[in-house]
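Trainee: okay, here's the prediction I keep looking at, along with the sequence it came from:
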Amino acid sequence: MNNQKRAWLFFLSFLGFFAPLLAQNKVVEIAAIVDKERVSPGDTFQVKLQVQAANQPVAGVNASLAFNPTLFKVTKIQAGETLPVLLQSSFNNQQGKVTYAAGVYGPLPTGTFNLADVQFEAIGATGEGTITFVTTAGQPDKTEVTYYKATSVLKATSPATILIVANKPPVAHAGADIEATDQDNNGKEKITLNGAASKDEDGTIVSYVWKEGTLTLAESKNPTAEVELATGTHKIKLFVTDDQGATASDEVTVTINALANKAPVAHAGADQTLTVTGGNREVEVTLDGSASRDPDGSIASYRWTIEDKEVGTTVRPTVQVGLGTTLITLTVTDDKGLKATDEVSIVVNLPGNQTPVAHAGADQELTDTNNDGFEEITLDASGSKDNDGKIAAYDWKWSIGSAEGIQPRVKLPTGKTTLILTVTDEQGAQATDTVVVTIHPLNQAPVADAGPDQHLIDEDGDGKAEVQLDGSRSKDEDGMIKTYEWTYSGLAERMMTVNTKIYLPVGMTEIILTVTDDKGAKAQDTVVITIQKMNAKPVARAGSNLEVQDEDGDGKAEVTLDGSASEDSDGKITRYAWYDTHHQSIATGATVTLTFPVGISSVYLVVTDNQEASDTAFITITVLKPLAVEKPFLPENDVLVYPNPAQGSFLIQSDRHRSLDCYLFNAQGSLIAKSRTPDGKVSFDTTAFPAGVYYLIIQADGERTTRRLIIY
């Protein structure tokens, strides 16, 4: 009884039949075990009537109880593991009364057993109620007793109390605002959201949900969550739910700052529309990423992809493109690891069909009216047309979504979104057009533009140069800029104008422009001014192209590269650096000895003078495979190879041997042509072979000789 929530809720009266040897006035207890002592309006709770007779046989039981009918009502009485015969059972919810009785025919039960289960419902709004026993008049500590052949005294206790309370909603606490930095320059950062300070005074919190707008970031029973957010400012709401279904919310602001390094700008070139020729299904197209740039460094690599498959790694690669519209993505990476992307659309049409005309409508500017980070708009391709047929499909694509139809309704995020419309006519020809949709927040911060970085030469040698600063390209989309302020290290007085002229010393100066709009929002931009003394560029000389033989047949050869002929007319060369075609450093120094594999390798030398000016020179190294050159089996004039060097064709002729087997190998040792003649003369066509060094093996009568051949 000690480990159970138990209340003596009833005064019970027994119809007690005991074994003949049972002495009178033995105490038999009846316990009422309550499964809940605290309930909410509408909750149900159960009272279990348990007989505790020890080793005394029990012949019959009668239980009566009273309750407040304005707070509780009985919904069900169910017999338990009790005496086999049910004598009487009833309840009255208007009077607040329950009566239950049972008896036996047969062996009398002993020990502890369940008499009945009484189920109640809390019908009051709030309050405190008691359920009491009905006691015998004049005997407040005993229940009513009925006398038969033997008597049991039924022990009673004080009444039980049941509380009806309304559920209190939980309290959400999303934690303090968070500010973090994108440590690896990938445009996003992982942070931990913490709602552990949330609480529920009258229960427990069973659910924590984190949302940004309509997007669910995390959902669990755990108050903390690790999420990955893009650089910028995020308003994130925590929604908590308690064990009674009540909810509450709180908001936290998370700011992810980018590193100081400025990202490069990718430019994949203008869109192109082409037509296949003949029976071809593909065309060759040259891409151009030369307009890409990095405002505070240099672009280290270019990567062109079609549906994530790499198709080029140079500034201007040539690729094969099939019919239809192909989107090609250029990803540029700067010298500090930051990346940027741009797309170019290549449309390839069949001949004999006029290309349709795509019209994506005029650019649109809207305001995020409910400040949820998104706005619905209607796109309009109704201006598109096909002069020799009809348009069969309208497809819209943008960075985070797609749509179909002439006038689809779409939801776009705040900021500037470029959408590409592709129209396809009934013969499969396609055309594209773009529309730019700008969704302004309710209050948009200004944009500071300090102008492009400047690199000036101090031509008069006085150690300084005049610089024109220009912040006129700064703007505020939803208002006006009120103030401009220029600051830099060593500034003597404040500069508060849009444009100004200043004198700066030789070296690099970083100048910050701060603009403030008419609502107090600020923005900054930085311009780097580099002033350099007049300096003549050095001249890099990597030497002549080299051709060496793999002497020992191990697939490689040592080659000495000599850049010592490089020079600087007005100073000295301070660094010699050798690189492979992947722009990886392979050696330093004016003269270096390196090992190259069989084949053709290209390297380049970069020399830098004492003013950090540099120049580049390229060199090609050809390592030839070893060939088993045997002693000629005849005097040279008995087997003639002419002309050598050859252009277009060459002839092999022998007056002594009529049957000749001839094999032509390239410098890498690969067989590229062979011929047999019974008359001592054979001709080879070389128009399809690139210029270079080749080798001939000529066999006759079980002997052979090898000749070196040059084709140009």
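Mentor: Received the coordinates, thanks.
Trainee: can you pull out the strands in the stretch 451-600 of the chain?
Mentor: Here the stretch 451-600 of the chain has its strands, by DSSP state E, counting those that start in this stretch, at 454-458, 464-470, 481-487, 499-505, 507-517, 522-533, 546-549, 556-562, 573-580, 585-588, 591-597, 599-609.
Trainee: save those strands as CSV, and put in mean neighbour count and mean pLDDT too.
Mentor: The C-beta positions use only the backbone N, C-alpha and C, and glycine is treated the same way. CSV is the format used below for those (neighbours: other C-beta atoms under 10 Å; pLDDT from 0 to 100):
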stretch, mean neighbour count, mean pLDDT
strand 454-458, 15, 89
strand 464-470, 15, 92
strand 481-487, 17, 93
strand 499-505, 13, 91
strand 507-517, 18, 94
strand 522-533, 17, 92
strand 546-549, 15, 78
strand 556-562, 17, 91
strand 573-580, 17, 95
strand 585-588, 12, 94
strand 591-597, 14, 93
strand 599-609, 18, 91
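Trainee: got those strands as CSV, with distance to G278 columns?
Mentor: What follows is the strands of the stretch 451-600 of the chain, written out as CSV (distance: least, C-beta to C-beta, whole Å):
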stretch, distance to G278
strand 454-458, 50
strand 464-470, 54
strand 481-487, 58
strand 499-505, 58
strand 507-517, 57
strand 522-533, 53
strand 546-549, 40
strand 556-562, 44
strand 573-580, 39
strand 585-588, 45
strand 591-597, 40
strand 599-609, 33
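Trainee: nearest to G187, out of the ones you listed?
Mentor: strand 522-533 (19.2 Å; C-beta to C-beta).
Trainee: let me know the angle separating the closest one from strand 464-470.
Mentor: 150 degrees (axes from the mean of the first three to the mean of the last three C-alpha atoms, to 10 degrees).
Trainee: out of the strands of the stretch 451-600 of the chain, flag the one nearest V171.
Mentor: strand 522-533 (35.1 Å).
Trainee: list the contacts of the closest one.
Mentor: Contacts to strand 522-533, defined as C-beta atoms under 8 Å, 6 or more residues apart in numbering, come from residues 296, 445-458, 461, 464-465, 467, 469, 474, 504-516, 611.
Trainee: where do the strands sit along the stretch 51-200 of the chain?
Mentor: Applying DSSP E, counting those that start in this stretch to the stretch 51-200 of the chain gives strands spanning 60-67, 72-79, 85-92, 97-103, 112-122, 127-133, 135-136, 139-143, 145-146, 152-155, 160-164, 178-181, 188-194.
Trainee: spatially nearest residue to A340, not counting backbone neighbours?
Mentor: A266 (4.2 Å; C-beta to C-beta, 6 or more residues apart in numbering).
Trainee: that neighbour: neighbour count?
Mentor: Around A266 there are 23 other residues, counting by other C-beta atoms under 10 Å.
Trainee: is it correct that it is in contact with V344?
Mentor: No - contact between A266 and V344 fails when scored by C-beta atoms under 8 Å: they sit 10.2 Å apart.
Trainee: overlap of the contact sets of these two?
Mentor: By C-beta under 8 Å, 6+ apart, A266 and V344 have these common neighbours: L330.
Trainee: tell me how far V527 lies from L513.
Mentor: 7 Å (C-beta to C-beta, to the nearest Å).
Trainee: oh sorry, the question was meant for G103
Mentor: 99 Å.
Trainee: next: E493.
Mentor: The gap separating E493 from L513 is 16 Å, by C-beta to C-beta.
Trainee: what ranges in the stretch 551-700 of the chain fall below the confidence cut-off?
Mentor: For the stretch 551-700 of the chain, the stretches flagged by pLDDT under 70 are 626-637.
Trainee: ok, 50 please
Mentor: Residues of the stretch 551-700 of the chain that meet the criterion pLDDT under 50 lie in 628-632.
Trainee: spit out the residues that contact V527 and L513 alike.
Mentor: Shared contacts of V527 and L513, defined by C-beta under 8 Å, 6+ apart, are found at A450, L469.
Trainee: neighbours around F650, how many?
Mentor: When counting by other C-beta under 10 Å, one arrives at 22 neighbours for F650.
Trainee: same deal with D550?
Mentor: 18.
Trainee: could you pull up the residues touching it?
Mentor: Counting by C-beta under 8 Å, 6+ apart, D550 has contacts K556, A557, V598, V623, L624, K625, P626.
Trainee: ok, Q244 next?
Mentor: If a contact means C-beta under 8 Å, 6+ apart, then Q244 has S40, N167, G203 as its contacts.
Trainee: mind doing that once more with 10 Å?
Mentor: Applying C-beta atoms under 10 Å, 6 or more residues apart in numbering to Q244 gives the contacts S40, D43, A166, N167, K168, P169, P170, D200, D202, G203, T204, V206.
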